[in-house]
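Undergrad: need a 3D model of the following:
(one chain, ligands or ions: 2)
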Amino acid sequence: MQSRRGRMSSPVVAALLIAASGGCSGPGSDLGAPEPVPWVDLAPATDVNPDPNIVEIDIEARAAEKAYLPGKTTAVWSYNGTVPGPLIDAKVGDTLIVHFKNSLPDVTTIHWHGVRVPNAMDGAMAVQTPIKQGETFTYQFQLEDAGLFWFHPHVAEDVQIQRGLYGVIRVRGPSEPTADDERIVVLDDVLLNKDGSFVDVIDDDIAMLGREGNVLLINGVTLPRLEWRAGAAERLRIVNVANGRFFNLALDGYTFHVIGTDGGFIPKPYDTEKLLIAPGERYDVMLVAKGEPGAEVTLMDEPYDRGHDTGKAPPMALAKLRVRDEAPIEGRILPGSFAAIERLPGAPADTTLVFDEKFVNGKLEFWVNGKMFPDVPPLDTITGSLHVLDLQNDAQMDHPFHLHGFFFQVLEKDGVALPDNALANKDTLILPQKSTTRVVARFDRPGKWMYHCHILEHAERGMMGEIDVSP
Ligand code: C2O
Ligand code: CU
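TA: Numbering: from 1, shown residues only. Ligands and ions are numbered 1, 2, ... in the order given. Have a look, this model is predicted:
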C-alpha cells in the first residue's frame, strides 16, 4: 500500500479544501458568508390514485434553475422542477407506482436507495437499460419497511446527483413515536463558481476524497432557520445526499437521541454528541428543544478525519434553530426502545471484499479486490442464503459501503464484536480507513445487486461490484 499523502498535499488540493471550508482561495472562494433564510420543507408529491394503499405519482427529470448564490442562477437538473425532488409519503405495505419521464439531455434511471425492491425495479445498470431522453418508464413495487429512503439516478451518479437529482421517500410504520414536529433534513453540498455555475472539471485531486462543495445545503437552501418551541419533542429525519462530504453534526448544548437509521428504528436508541453521516446514510434523531424565547443555536458541520489529512477543516454552519416566543411544553420524554429486529446469525466470514485506491500510470483508480468495476468479478450466491462478509478497507481514507436490495447487520469491527444494543439494519456503512468490518446479510431476493462506495467519484472510478443471486 503506497501512501499518497505527497500527492494529496498538492497546492490544488489544499486550495480546494480551504475553499470548501469557507476559506479564501480556490473556485468560488469569495462566495461570502450566507445569511439565514426561512426553513424550507420538501414539497410533497401528488398522489393521483384514490386507493389509500397505492401511492401513484408522476416524476419528470428535467432542467430547472436554483438560486444557490444570492442573485445568481444555477442551472440544475431536477425531479419535477425542485431540488430536492418531491417528497414521497407512504405507509408500510403501500404500493408505489412512479410514472417516470426523462426530459434530460442525457440518459438516466431511478435507484430507490434502501428500498427492498424487486431486482427489475432497482434502477442499477446491471438490471436496467438507461432511459433515453423523451422516454418513460414505470417503477412499481411494494414498500416493505418503515424508514426514510431516497431516490437518485444510477447513471453518471457523480454528475447527476450533484446537479440536483435526488428525492426522499418517507415510509411510516404502524407505531411511530410521538413528536411535536417532524422534519426531513436533506444534507448536501455543491461546488460552485462565483457566477453560480457548477465547477464541472473534477480532477483526480478532487475525486480522491470525493467532491466536496463550497456551499452547504439543507433541503436545497443554505443556512435555513428553523423555529421551534421550548420543550417540544423534535424529530429530525436526516439523509446525506452529498457526493463526497461526510457531515459530522453537532448542536451546542444538545445530544442527538438516535432512534433509527437506514432500515428504520433501532431497538435501543442512544445519545450522541456528534452525529456522523456519510453519503447515502440516514439517521432518525429526536431532541427536546430548550431555551428562552429567541434563544438560537447553530447546527454545525464539525471536522472529522476521514483520511488524507482531513479533519482540520474549520466547522461550518448548517442551520439555525431558534426558540419561538411561546410558553414551553412540559414533560416530553424521548422514546427509550423500539421493537426488536431479527438478529442475523454470526459466523466466520465466507467472503472478503478489499477496498483500496491506487494511482496507476498517474491515474486515480478505486478498487474492489484489486480490480475496477466492471472488471470486479461478481459474487455468486443463491436466493435465501446468508453470507458473512469481511469488508476490508486497506485505503488511507474511509469509504461508505452501500449494498443494493438488502439490509445488513454489523457483527464486528476489527475483530471486536458489536454490543447487542448496537443492532441495526443498515444499507450504507462507513468503513473506516485501515479497518475490517464484518457484516451479515440474507440474500433473499434473486437478481443482480450492486454494491459500491457511496462517494460517487469513487463508485464512478471503479469501486463497485455486483452480487448475483440466482433463484
Ligand atoms: Cu444510493 Cu447504488 O446507490
Ligand atoms: Cu470511497
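Undergrad: wait, what's in contact with the residue of the stretch 51-200 of the chain found nearest ligand 2?
TA: Of all residues in the stretch 51-200 of the chain, the one sitting closest to ligand 2 is Asp158 (11.6 Å; C-beta to the ion). C-betas here are computed from N, CA, C, even on glycine. Residues near Asp158 by C-beta atoms under 8 Å, 6 or more residues apart in numbering: Ile202, Arg211, Asn243, Leu456, Glu457, Ala459, Glu460.
Undergrad: residues from the chain in reach of ligand 2?
TA: Neighbours of ligand 2 within the chain, by C-beta under 5 Å from the ion: His399, Cys453, Ile455, His458.
Undergrad: if we use 6 Å, what do you get?
TA: Applying C-beta under 6 Å from the ion, we find that the chain lies next to ligand 2 at His399, Cys453, Ile455, His458, Met463.
Undergrad: name the SS class of the residue nearest to the last one when sequence neighbours are not counted, please.
TA: Residue nearest to Met463 in three dimensions, not counting chain neighbours: Phe366, with 3.7 Å by C-beta to C-beta, 6 or more residues apart in numbering. For Phe366, the secondary structure call by DSSP: H, G, I helix; E, B strand; the rest coil comes out as strand.
Undergrad: now do Phe366: how many residues are near it, please.
TA: Phe366 has 25 neighbours, counted by other C-beta atoms under 10 Å.
Undergrad: likewise for Arg332?
TA: By the measure other C-beta under 10 Å, the count of residues near Arg332 is 17.
Undergrad: do the same with Pro130
TA: For Pro130, the count of nearby residues is 17 (other C-beta under 10 Å).
Undergrad: same check on the one 10 residues further on?
TA: By other C-beta under 10 Å, the residues close to Gln140 number 15.
Undergrad: per-residue pLDDT of it, please?
TA: On the pLDDT scale, Gln140 is placed at 98.
Undergrad: identify the residue nearest the residue of the stretch 251-400 of the chain found nearest ligand 2 in space, chain neighbours excluded?
TA: Nearest residue of the stretch 251-400 of the chain to ligand 2: His399, at 3.4 Å (C-beta to the ion). Spatially, and ignoring its direct neighbours in sequence, His399 is nearest to Cys453 (4.5 Å; C-beta to C-beta, 6+ apart).
Undergrad: what's the separation between the residue nearest the centre of the chain and ligand 1?
TA: Nearest to the geometric centre of the chain sits Gly280, at 2.2 Å (C-alpha atoms, centre = their mean). Plainly put, Gly280 is 5 Å away from ligand 1 if you go by C-beta to the nearest ligand atom, to the nearest Å.
Undergrad: ok, that residue - contacts?
TA: Applying C-beta under 8 Å, 6+ apart to Gly280 gives the contacts His113, Asn240, Val241, Pro400, His402, Asp427, Thr428, His454.
Undergrad: where does the stretch 101-250 of the chain dip in pLDDT?
TA: Nowhere does the stretch 101-250 of the chain drop to pLDDT under 70.
Undergrad: how about the helices of it, start to end?
TA: Along the stretch 101-250 of the chain, the segments classed as helices by DSSP state H, counting those that start in this stretch run 157-162, 204-209.
Undergrad: how about those in CSV, adding distance to Asp41?
TA: Compiled in CSV, the helices of the stretch 101-250 of the chain are given as follows (distance: least, C-beta to C-beta, whole Å):
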stretch, distance to Asp41
helix 157-162, 21
helix 204-209, 31
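Undergrad: out of these, flag the one nearest ligand 1.
TA: helix 157-162 (7.0 Å; C-beta to the nearest ligand atom).
Undergrad: what does this structure have sitting close to ligand 1?
TA: Neighbours of ligand 1 within the chain, by C-beta under 6 Å from any ligand atom: His111, His113, His152, His154, Gly280, His402, His404, Met450, His452, His454.
Undergrad: can you count the residues close to the third one?
TA: The criterion is other C-beta under 10 Å. On that basis, His152 has 23 neighbouring residues.
Undergrad: please name the nearest non-neighbouring residue to it.
TA: Tyr166 is the one closest to His152 (C-beta to C-beta, 6+ apart), at 4.5 Å.
Undergrad: residues contacting the one you found?
TA: Contacts for Tyr166 (C-beta under 8 Å, 6+ apart) come out as Tyr79, Val83, Pro84, Gly85, Trp150, Phe151, His152, Val186, Asp188, Val241.
Undergrad: the contacts of Gly280: which two are farthest apart?
TA: The span of those, defined through C-beta to C-beta, is set by Val241 and Asp427 at 14.2 Å.
Undergrad: coming back round to it: mind checking how far the residue of the stretch 251-400 of the chain closest to ligand 2 is from Asp444?
TA: For His399, the distance to Asp444 (C-beta to C-beta, to the nearest Å) stands at 26 Å.
Undergrad: more crowded one of the two?
TA: Ranked by neighbour count (other C-beta under 10 Å), His399 and Asp444 place His399 first, with 28 against 13.
Undergrad: thought the more buried one was touching Phe355?
TA: Yes. Contact criterion C-beta atoms under 8 Å: His399 and Phe355 qualify, at 5.2 Å.
Undergrad: what touches both of these two?
TA: In terms of C-beta under 8 Å, 6+ apart, His399 and Phe355 are both contacted by the residues Asn393, Leu431, Cys453, Met463.
Undergrad: what's the span of stretch 104-116, first residue to last?
TA: End-to-end distance for stretch 104-116: 27 Å, by C-alpha to C-alpha, to the nearest Å.
Undergrad: and it, how far out from the chain middle?
TA: 14 Å (C-alpha atoms, centre = their mean, to the nearest Å).
Undergrad: all strands for the stretch 351-471 of the chain, in order.
TA: In the stretch 351-471 of the chain, the segments counted as strands under DSSP state E, counting those that start in this stretch are 351-360, 363-368, 379-382, 385-393, 399-403, 409-413, 416-417, 428-431, 435-443, 447-453, 464-470.
Undergrad: reformat the ones you listed as CSV; add distance to Gln128.
TA: Below are those laid out as CSV (distance: least, C-beta to C-beta, whole Å):
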stretch, distance to Gln128
strand 351-360, 24
strand 363-368, 22
strand 379-382, 20
strand 385-393, 24
strand 399-403, 17
strand 409-413, 28
strand 416-417, 38
strand 428-431, 21
strand 435-443, 20
strand 447-453, 10
strand 464-470, 13
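Undergrad: which residues touch whichever residue of the stretch 101-250 of the chain sits closest to ligand 2?
TA: Relative to ligand 2, the nearest point of the stretch 101-250 of the chain is Gly210 (6.6 Å; C-beta to the ion). Taking C-beta under 8 Å, 6+ apart, we find Gly210 in contact with Asn243, Gly244, Arg245, Pro279, Ile455, Leu456, Glu457, His458.
Undergrad: restricted to buried residues, select those residues in PyMOL.
TA: Here is the PyMOL command that selects only those of these that count as buried (16 or more other C-beta atoms under 10 Å):
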select buried, resi 243+244+245+279+455+456+457+458
